[in-house]
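>>> pasting the structure only:
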Ligand SMILES: CC(C)(COP(=O)(O)OP(=O)(O)OC[C@H]1O[C@@H](n2cnc3c(N)ncnc32)[C@H](O)[C@@H]1OP(=O)(O)O)[C@@H](O)C(=O)NCCC(=O)NCCS
């Protein structure tokens, strides 16, 4: 089962939700934007885990007892006062909004991404998308093209997060077969994912994708 939550900057309190480990990490962040995005991501991830743990165990864990960590590659994880690795999480932030997804499986591939729905420059799809993706968007123009290109781009980022690779590989190593629909889906809608193993540093597990549009943002999830 996939759990998810979005939060905006206005929902983040001034303090009292970070652990000592997180406060130390905050001091290391260089720019105001990075600090703001990072705090919004921590807040959203903690709120999601707190809610899911309450639903599962009937326990409300204070937010300052949940530590959100990143491994050296940036992949997010969490720590609780007791050993608990039931969940795998992924974080995205954009334009004062954060989106976090959690799947109930330890060390599972999961990637969440959120992008502002906006038109992309001419030639964007030809530069970053595979032929299979381009074929699906053939003939789309205007707002329908914008949302479809935003969805395919976001889906690629979600897959590359699920594979713990980020944008370190060619975006054409992944095909996210997002079917254009009008109006854009307001509920989670599946899309197929194909990975070109020959262009990835390690074999990819089978993944399924989901996308939806909310408040002008495209959100995507990729998981195995
Ligand atoms: C991962 C990446 C695709 C994120 O995309 P983005 O649109 O810039 O940012 P988003 O807000 O959607 O996602 C950021 C989150 O992705 C997660 N993330 C970062 N690297 C990740 C990775 N390799 N795998 C999975 N998740 C990752 C983090 O949780 C991060 O948020 P946090 O730092 O607050 O915890 C992109 O930053 C990337 O490719 N990074 C790796 C390559 C790179 O440029 N490295 C530079 C090292 S200095």
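Structure's in. What do you need? Note that the coordinates shown come from a computational prediction; the quantities given were computed from them, not determined experimentally.
>>> Count the neighbours of residue 10 for me.
Residue crowding around residue 10 was assessed by other CB atoms under 10 Å; the count is 6. (C-beta placed from N, C-alpha, C; glycine too.)
>>> again but with residue 127, I slipped
Counted with other CB under 10 Å, residues neighbouring residue 127 total 10.
>>> How about the one 5 residues further on?
Each residue near residue 132 was counted by other CB under 10 Å, and the total is 12.
>>> for it, what are its contacts?
Residue 132 makes contacts with 175, 177, 194, as judged by CB atoms under 8 Å, 6 or more residues apart in numbering.
>>> Going by neighbour count, which of the residues you listed comes out on top?
The member of those that has the most neighbours, counting by other CB under 10 Å, is residue 175 with 24 neighbours.
>>> give me phi/psi at that one?
The main-chain torsion angles of residue 175 are listed as degrees, to the nearest 10 and equal phi -110, psi 120.
>>> do residue 113 as well
Summarising the backbone geometry of residue 113 under the convention degrees, to the nearest 10, its torsions are phi -140, psi 150.
>>> returning to that earlier point: closest to residue 140 out of the contacts of residue 132?
residue 177 (14.4 Å; CB to CB).
>>> Contact residues of this protein facing the ligand?
38, 41, 70, 73-76, 91-94, 113, 157, 160-161, 164-168 (CB under 6 Å from any ligand atom).
>>> Fine by me, we can end here.
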